[in-house]
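Undergrad: here's a sequence, model it:
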Amino acid sequence: MVLVIYVFAVIAQLMKKNIHKISSPGEPLLVTIAKLGLFLFTRPGLFFLKKKAKQILIEAKILREHRLTYHNWIKQQKAYDVVKGEDETIIKNLSYQPKISVVIIFKESVEPYLQDAIASAYSQVYTNYELLTGVPAALESEVQWFAEQFGFNAGVLKIIPIKDNVASVNAVNMAASMASGDYILVLDPEYKLTRNCLSEFVRHLNEFPDDNVVYCDSDIINDIEGYEQPFFKPGWSPDGIMSRNYIGNTVLIRLSFLKQVHFFDDRYLYEYVYDVLLKAGERDNRVGHVANVLVHSRDLNKLHSGEAALVVAAALKRRNTPGQVEAATAGSDFNVVYRLPEQEEMVSIIIPTKDNTALLKTTIDSLIKLTEYKNYEIVLLDNNSSSIEFQNFVKEYTNLHPVIFRCVEAKFSFNFARLMNLGAALSRGRYLLMLNNDVEIISKDWLSIMVGYAQRQQTGAVGAQLLFPGGTVQHAGIVLGVGEASAHAFMNFKQGDQVHFNYLNVVNNYSAITAACLLVRKDIFDEVEGMDENLVVEYNDIDFCLKLIQKGYFNVYLPMVVLYHYESATRGHPFKSSASWKRHEKDLATFRIKWDSYIQRDPFYNQNLSNEYTDFRQKNRMKA
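TA: This next block holds a predicted model:
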């Protein structure tokens, strides 16, 4: 009986979550259900069913998962003496052991945390550091007393008197000018460093000695509930950092670099570290990341989004990249929309298709009707269409739109990569837009915003937020190492959900984005030799994006560009039949062999995040 309930529960959830993925627009619901049912009882279908069963039943709380809470996992980390012993051994063998200047500026409002901040600095395993504390007169004797209790000597601790009304940025600059270290770390007084914080930074610098800035993961320490809300951050994301300071203020900064940018800008009372982070991105993106929680903060609900937007606006001006800083659709963050040159450059919109004229007509009609960007051409690739309706459609639209519309025959077996390469070879534009024949345009500025990003020299592929017809998310970037090899981030979430630090609603860099709507400059498409035709149906777009990353470009997801996507409506979902499943397995094997290192460690998806779920939750750490 339990088994029967188990099977029906799984099938019900699969029906609910996947029915829109295999249905074609206008297809009767019963036909779609029949197709899904037949597939589930094939050999690949049973495999798929088994794979999803445990995950679905855990979500439904029918099965229990014995996982550690984040607080218990952090508390279970190695004891101080073990960490100290291991780190001391490693540090002795490091060729580069820079001096680090830790700066803490105390104000009366954070007096309760004074002892914790000093204690976290004192307990560092790495000992080649100094502590500079800026304190008002009312706290000076208390800081001196704590220093004596911890045993700081005069060579390690410097107490810098500051006036009560001095701005924190000016106090930090005063301390930085007195620092004798190679690097500076500004520690907010309500933050605590883990004991291995400085040693982990130094280990990173021995591997990446050219980094001007190094940051780490963080969490929040709550006096009542303990450790919570870990932020497992992505690697350096030059577009993501322009939407919000995801890095935070506790970062390691090379002191010589700080002097080059004239210390912290005293125009900003709160976001002066953010300003330096953006300047670091302007110096060859030499910013590193340690994927460990090395900083505990206290959630004091400090929001300075107004000043942060000013920092971004200043960066746009400094970089001579005109643009607008606009509020995100949800949350307190923002997104940049770059200005286009007066003379629009041509975009070649490549659309592969086979019959299914009604669907194709929706795509092209919405494109022509709504798109405000005018300099584009539509290159329709006819991949073995046979219907009279399609032939009549091509004749009609060739006559109606002779300047922008043309249809090219592609008389070979379906191979998405080969189709895109053919379309690129025939295109006249500076930009190539790969666009499925099963999408619908719903806004006027979609292409203008995408070109605004694609025109930038460091940008690789530009992608959009794609929604299922019901309004839930189909694509918001692709992460590697989840599922078999990759997965769409935040699939099935509602549009606008403020999930994982508002990731869904702000511009982010990802390793890959889907070619259902992908814009790229033609010159860099040619630079990476287009798409790999050995990947016939799947993974060819991810492969293409990873080749761009290897060349030093950054792929970017734009949440403010939204399209509807009737996924795989023409060719069918890859799990629809035994033959398509075999094709899927072949493409998967090819992709895994080629990109195993990225699957094991996606630079834009933290290694502490789940390999099973797509919502950026913490990796499942089971109880012993």
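
Undergrad: so where does the residue sitting furthest away from the middle of the chain fall, helix or strand?
TA: Centroid-distance maximum for the chain: Ser141 at 45.7 Å, with C-alpha atoms, centre = their mean. Using DSSP states H and E, Ser141 falls within helix 137-150.

Undergrad: centre of the chain versus that helix, how much separation?
TA: In this view, helix 137-150 has its centroid 43 Å away from the chain centroid, taken as C-alpha atoms, centre = their mean, to the nearest Å.

Undergrad: tell me what the following helix or strand past it is packed against?
TA: Next in sequence after helix 137-150, counting helices and strands by DSSP H and E, comes strand 157-161. Packing partners of strand 157-161 (3 or more C-beta pairs under 8 Å, 6 or more residues apart in numbering; DSSP states H and E): strand 129-135, helix 137-150, helix 168-178. Glycine gets a C-beta too; all of them are placed from N, C-alpha and C.

Undergrad: nearest to Val312, out of these?
TA: Taking C-beta to C-beta, helix 168-178 is the member of the helices and strands packed on strand 157-161 nearest to Val312, at 17.5 Å.

Undergrad: in the stretch 201-350 of the chain, which spans are helices?
TA: In the stretch 201-350 of the chain, the helices defined using DSSP state H, counting those that start in this stretch lie at 255-260, 272-281, 305-318.

Undergrad: kindly report the same for the stretch 351-500 of the chain.
TA: Under DSSP H, counting those that start in this stretch, the stretch 351-500 of the chain gives helices at 357-370, 388-400, 416-426, 446-454.

Undergrad: quick one, which of those helices gets closest to Phe232.
TA: Proximity to Phe232, assessed across the helices of the stretch 351-500 of the chain by C-beta to C-beta, is greatest for helix 446-454 (25.6 Å).

Undergrad: circling back: can you give me the buried ones in the helix holding Ser141?
TA: By neighbour count on 16 or more other C-beta atoms under 10 Å, the buried set for helix 137-150 is Leu139, Glu140, Val143, Phe146, Ala147, Phe150.

Undergrad: now that we have those residues, can you turn them into TSV and tack on distance to Gly323 and pLDDT?
TA: Listed next are the buried residues of helix 137-150 as TSV, based on distance: C-beta to C-beta, whole Å; pLDDT from 0 to 100:
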residue	distance to Gly323	pLDDT
Leu139	43	81
Glu140	46	82
Val143	44	81
Phe146	47	77
Ala147	47	75
Phe150	48	75
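
Undergrad: which one of those is nearest to Ile90?
TA: For these, the minimum distance to Ile90 (C-beta to C-beta) is 24.4 Å, reached by Phe150.

Undergrad: contacting residues around that closest one?
TA: Ile118, Ala119, Tyr122 (C-beta atoms under 8 Å, 6 or more residues apart in numbering).

Undergrad: among these, which ones are in helices?
TA: Among these, DSSP state H puts Ile118, Ala119, Tyr122 in helices.

Undergrad: neighbour-wise, which of those residues leads?
TA: Among the ones in helices among the contacts of Phe150, the one with the most neighbours (other C-beta atoms under 10 Å) is Ile118, at 26 neighbours.

Undergrad: weakest of the helices of the stretch 201-350 of the chain by average pLDDT?
TA: Confidence, taken as mean pLDDT, is least for helix 305-318 of those (a mean of 93).

Undergrad: now that one: buried residues?
TA: For helix 305-318, the neighbour count (16+ other C-beta under 10 Å) marks Ser305, Glu307, Ala308, Ala309, Leu310, Val311, Val312, Ala314, Ala315, Leu316 as buried.

Undergrad: the last one touches Pro322, doesn't it?
TA: Yes: contact status for Leu316 versus Pro322: in contact at 6.6 Å, counting by C-beta atoms under 8 Å.

Undergrad: what about Lys594, how many neighbours?
TA: Lys594 - counted by other C-beta under 10 Å - has 17 other residues nearby.

Undergrad: show me what contacts it?
TA: Residues near Lys594 by C-beta under 8 Å, 6+ apart: Asp532, Asp543.

Undergrad: look up the pLDDT of it for me, please.
TA: Model confidence at Lys594 (pLDDT) stands at 97.

Undergrad: again with Phe334
TA: On the pLDDT scale, Phe334 gets 94.

Undergrad: same thing with Ile5?
TA: Note on Ile5: pLDDT of 51.

Undergrad: which sections of the stretch 1-150 of the chain are below the confidence cut-off?
TA: Along the stretch 1-150 of the chain, segments meeting pLDDT under 70 span 1-67, 77-84, 108-111.

Undergrad: kindly recompute the last result at 90.
TA: Counting by pLDDT under 90, the stretch 1-150 of the chain contains low-confidence residues at 1-93, 106-119, 121-123, 135-150.

Undergrad: about what we covered before: from Leu310, how far out is the residue farthest from the centre of the chain?
TA: Distance of Ser141 to Leu310, computed by C-beta to C-beta, to the nearest Å: 38 Å.

Undergrad: kindly report the same for Tyr126.
TA: 36 Å.

Undergrad: returning to what we had before: save the helices and strands packed on strand 157-161 as TSV, and put in distance to Lys582 too.
TA: Output for the helices and strands packed on strand 157-161, formatted as TSV (distance: least, C-beta to C-beta, whole Å):
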stretch	distance to Lys582
strand 129-135	58
helix 137-150	66
helix 168-178	61
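
Undergrad: what sits against the closest residue to Gly281 other than its chain neighbours?
TA: Once flanking residues are discounted, Gly281 sits nearest to Pro238: 4.9 Å by C-beta to C-beta, 6 or more residues apart in numbering. Counting by C-beta under 8 Å, 6+ apart, Pro238 makes contact with Gly281, Asn285, Gln458, Asn509, Phe554.

Undergrad: tell me the least confident of those?
TA: Among those, Asn285 has the lowest pLDDT, at 88.

Undergrad: neighbours around that residue, how many?
TA: Asn285 has 16 neighbouring residues, counting by other C-beta under 10 Å.

Undergrad: now stretch 163-180, how far from the chain's geometric center?
TA: The chain centre lies 34 Å from the centre of stretch 163-180; the measure is C-alpha atoms, centre = their mean.

Undergrad: try stretch 102-117
TA: The chain centre lies 33 Å from the centre of stretch 102-117; the measure is C-alpha atoms, centre = their mean.

Undergrad: send me it as PDB with only the CA atoms.
TA: Provided in PDB are the C-alpha atoms of stretch 102-117 (Å, rounded to 0.1, in the frame of the first residue of the first chain):
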ATOM      1  CA  VAL A 102      43.400  44.700  10.300                       C
ATOM      2  CA  VAL A 103      41.500  48.000  10.800                       C
ATOM      3  CA  ILE A 104      38.500  48.300  13.200                       C
ATOM      4  CA  ILE A 105      36.800  51.600  13.800                       C
ATOM      5  CA  PHE A 106      34.700  51.700  16.900                       C
ATOM      6  CA  LYS A 107      31.700  53.900  17.600                       C
ATOM      7  CA  GLU A 108      29.600  54.000  20.700                       C
ATOM      8  CA  SER A 109      26.600  52.500  18.900                       C
ATOM      9  CA  VAL A 110      28.500  49.200  18.500                       C
ATOM     10  CA  GLU A 111      30.200  49.200  21.900                       C
ATOM     11  CA  PRO A 112      28.500  45.800  22.900                       C
ATOM     12  CA  TYR A 113      30.500  44.100  20.200                       C
ATOM     13  CA  LEU A 114      33.900  45.600  20.900                       C
ATOM     14  CA  GLN A 115      35.300  42.700  22.800                       C
ATOM     15  CA  ASP A 116      34.200  40.100  20.200                       C
ATOM     16  CA  ALA A 117      35.800  42.000  17.400                       C
END
